[in-house]
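Chemist: Have a look at this prediction, sequence included:
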Amino acid sequence: MSKLVAFAAIQGGYNVVSEVEGELRNALAAYDASTKIEFPNTGYYLPVIYSLLGIPVKTLEDLKQPMKFARGLLPPHVKNVHHLPYLGPLLDAGMAAILAYEIKEGIRSITDPDFYHPHEDPDIEAGKLWVGPADDIILRKRGVEFVDGSAPGFAAIVGACPSPEIAKMIVEEYQKRNLYIFCAAGHNGTSVIEQLIEAGVQIGWSTRIVPFGPYISSAVFALGFANRAAMAFGGVQPGDYKKILIYNKNRIFAFVNAFGDVGTHWACAAAGCVNWGFPTLADTDIPEILPTGICTYEHVVANVPYDEIVQRSVEVRGLKVHVSDIDIPCSFGPAYEGERVRGKDLFVQCGGGKTPATELCKMADMGQIDDGKVTVIGPDLPDMKEGDTFPLGIYVQVAGREMQEDFEPILERQIHHLINYIQGVMHIGQRDIAWIRVSKSAVEKGFTLKDIGVVLHAKFHNDFGSILDKVQVTLYTKKKDVDDLTKRARALYKNRDDRVENMTDEAEEIYYSCTLCQSFAPNHVCTVSPERTGLCGAYNWLDCKAS
């Protein structure tokens, strides 16, 4: 390994620790030692320090102990006569810097308490771009996505790309792979987050593009999120640093992309991430750490072209991802589920109290339907003009040798998620209270209502191929047809509700075990019965039966 990279990381560790020690001294001089230190709405205190050291930081006084520990981690400076491998000292210096960065952010919580906008999405109009550390509500809400595999990992991006177009291209490629994108720091007076806003990309937890903060110290929030996941879902105890780090290496598939000049402050942060098994890939000519060791493959990779960095990052981290490839003009994937189509972006809409909008999934005989047949009865989007509202009925017919009527509402519920996965299309509600908004950008790309049927056909086969063999979709946009479908659907909704309401544990002989969360909680098993869902609440007895 290059002596130069070890020197940069170790020198950076010394610089960061010394700077934060000074900030802590100033804070102790300006505030009472009993002043409360906390990240908003979390029971994990300062999560990196709490998870690795077992120290619950509650007050300004409590910061002295982890600060002393960080200072003690710093290795001797690199000397010309020293020819031993540098990886161990580099890791120690990196960890010291990470601890110091979290202390720095803890101090910020009292010196500038309104710096971050502690919500899921930023308030761009008010200039509040940075959301800061995720609270426990977000951790629980988003943690399920890491558990069920819809979010296989995250890309931590620091710095800024040469142009907003490149930033958008890279981030959208990560979104297609269903990854979260955690952003911090900047370069040349801007940041990836500001570039994405300029390019018209929606940011926030809802679109999986999380603007943590404008400084390199803000990147510690990504590590804090990963460590809290290990404690919350993996059952790792605070202070068991070895299990925390191994858990992250084996179960949290994350990596760092550094865009811009990598100075000593960035170098020590990258070295710190190596402790977690998270490699760093950069667009600049920095010293590399290529041998396999702590990370699955390489540790630091330099000079990666922008059009290759997404695929290279995934390969270096050893992450296996499935790219949803469906024949529609818009991108598709869970990363777009939280996207909002606001007034200025709206082309047309249906439902939402303005027009009728109904969704119905019904079992059919094998000979009654044609697999893959998608029909639009009535005007399609090319026949409409901007600002129009229209009625919509989505009628999905499925057939299969293993198909049962009990599975109809389960498949029907998927319509909400699957339409939301289409970039530029927003879906709210279900049954006969749906609301769909289609953006101008989607229509400009050539999106039509028929593409909804294409998505439902492809994903129903992909996700529920064990119970169905044929899927046929009909979309109605004439009011009379939609009213007829709604009348029929409401009668079926009532029958289904009565069936579920009368289900009891005693009436069924088969219960199900759910091990979905074992990707995060290796020793956990849920028992799911008609009256009891899994602990996460995401899957009920009928869901398990359908699977």
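Modeler: Arrived safely, thanks for sending. Numbers count the residues shown, from 1 in each chain.
Chemist: What residues of stretch 277-293 count as buried?
Modeler: Buried residues in stretch 277-293, counted by 16 or more other CB atoms under 10 Å: 277, 278, 279, 280, 281, 282, 283, 286, 287, 288, 289, 293. C-betas here are computed from N, CA, C, even on glycine.
Chemist: Mind checking which of these are in strands?
Modeler: 280, 281, 282 (DSSP state E).
Chemist: List phi and psi for the nearest residue to residue 43 once chain neighbours are set aside.
Modeler: In space, not counting the residues next to it along the chain, residue 43 is nearest to residue 136; the distance is 6.1 Å by CB to CB, 6 or more residues apart in numbering. For residue 136, the backbone dihedrals (degrees, to the nearest 10) come out as phi -70, psi -30.
Chemist: How about residue 220?
Modeler: Per degrees, to the nearest 10, the backbone of residue 220 is at phi -60, psi -20.
Chemist: doesn't residue 95 make contact with it?
Modeler: No. In this structure residue 220 lies outside contact range of residue 95 using CB atoms under 8 Å: 11.4 Å.
Chemist: neighbour count winner among these two?
Modeler: residue 220 (30 against 26; other CB atoms under 10 Å).
Chemist: Strands of the stretch 251-400 of the chain, start to end?
Modeler: Remark: strands assigned in the stretch 251-400 of the chain by DSSP state E, counting those that start in this stretch are 253-259, 280-282, 300-301, 346-351, 357-363, 374-377, 392-399.
Chemist: So for residue 43, which of those strands sits nearest?
Modeler: strand 253-259 (22.8 Å; CB to CB).
Chemist: ok, back up a step: out of the strands of the stretch 251-400 of the chain, which comes closest to residue 467?
Modeler: strand 392-399 (8.4 Å).
Chemist: Distance from the chain centre to the closest one, please.
Modeler: Between the centre of strand 392-399 and the centre of its chain there are 30 Å (CA atoms, centre = their mean, to the nearest Å).
Chemist: ditto for stretch 25-43
Modeler: Its chain's C-alpha centre and that of stretch 25-43 lie 30 Å apart, by CA atoms, centre = their mean.
Chemist: what does that stretch contact?
Modeler: Taking contacts as CB atoms under 8 Å, 6 or more residues apart in numbering, the residues outside stretch 25-43 that touch it are 45-47, 57-63, 105-107, 109-111, 118, 132-133, 135-137, 139, 224, 228.
Chemist: what does stretch 494-506 give?
Modeler: With CB under 8 Å, 6+ apart, stretch 494-506 has contacts from 406, 408, 409, 511, 529, 530, 531, 532, 541, 542.
Chemist: And for the third one, the neighbour number?
Modeler: Look at residue 409: counted by other CB under 10 Å, it has 20 neighbours.
Chemist: where's it, which helix or strand?
Modeler: Using DSSP states H and E, residue 409 falls within helix 408-420.
Chemist: and the residue nearest the centre of the chain, what are its bridge partners?
Modeler: The centre of the chain sits closest to residue 180, judged by CA atoms, centre = their mean, with a distance of 3.5 Å. Note on residue 180: beta-bridge partners by DSSP bridges are residue 154.
Chemist: isn't it right next to residue 157, touching?
Modeler: No. With contact defined as CB under 8 Å, residue 180 does not count as touching residue 157 (10.6 Å).
Chemist: any shared contact partners between the two?
Modeler: With CB under 8 Å, 6+ apart as the test, residue 180 and residue 157 reach no residue in common.
Chemist: quick one: low-confidence parts of the stretch 201-350 of the chain?
Modeler: Under the criterion pLDDT under 70, the flagged ranges of the stretch 201-350 of the chain are 291-292, 321-325.
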